[in-house]
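coordinates only, sequence not included:
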Ligand SMILES: [Zn+2]
């Protein structure tokens, strides 16, 4: 599947969110989707993870938490899509998720953004 295909999949995950700022993500390894997530209310949160609204944008954490074998995420790509009533929005991971992504060994982040071409790429 193409970059756009995975981003669209992340966007579909975002629609599951009950937040106004909807964020979805998929983690892809070896061309295969190994997990999907979306930002959700703090039912799984502990302490400060979801304290600020910025930190509630943690579709990444949600998706990563569902992968049992964390080593499967080494070298993976994470697609993050944020969606609001105006369309695609900046979905570059927050600093907490960046730390997590680096810790897991994820090598590439593709995120939605407002400006053309509506996505950005970060290589780690
Ligand atoms: Zn986050």
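Okay, I see it. Quick caveat, the model's predicted, so the values are computed rather than measured. Residues are numbered from 1 along each chain as shown.

Other residues contacting the lengthiest helix in the chain?
Using DSSP state H, we find that the single longest helix of the chain is helix 3-14. In this structure, residues lying in contact with helix 3-14 by C-beta atoms under 8 Å, 6 or more residues apart in numbering are 1, 22-26, 28, 33, 36-39, 59, 77, 79-83, 88, 110, 112, 119. Just so you know, the C-beta spots here come from the backbone N, C-alpha and C atoms, and that holds for glycine as well.

Beyond the lowest-mean-pLDDT helix or strand in the chain, next helix or strand please.
Ranked by mean pLDDT, DSSP states H and E, the helix or strand of the chain with the weakest confidence is helix 53-56, at a mean of 49. Going down the chain from helix 53-56, the next helix or strand is helix 59-65, by DSSP states H and E.

For that following helix, give the mean pLDDT please.
Computed over helix 59-65, the mean pLDDT rounds to 94.

hmm, the very next helix or strand once past the longest helix of the chain touching the ion?
As assigned by DSSP H and E, the chain's next helix or strand after helix 3-14 is strand 22-29. No: counting by C-beta under 5 Å from the ion, the ion is not contacted by strand 22-29; separation bottoms out at 8.3 Å.

Please tell me how far strand 22-29 is from the chain's geometric centre.
4 Å (C-alpha atoms, centre = their mean, to the nearest Å).

And for stretch 25-36?
11 Å.

who touches it?
By C-beta under 8 Å, 6+ apart, the surrounding residues in contact with stretch 25-36 are 1, 6, 9-10, 13, 24, 37-38, 59-60, 62-64, 66-67, 72-73, 75-81, 106.
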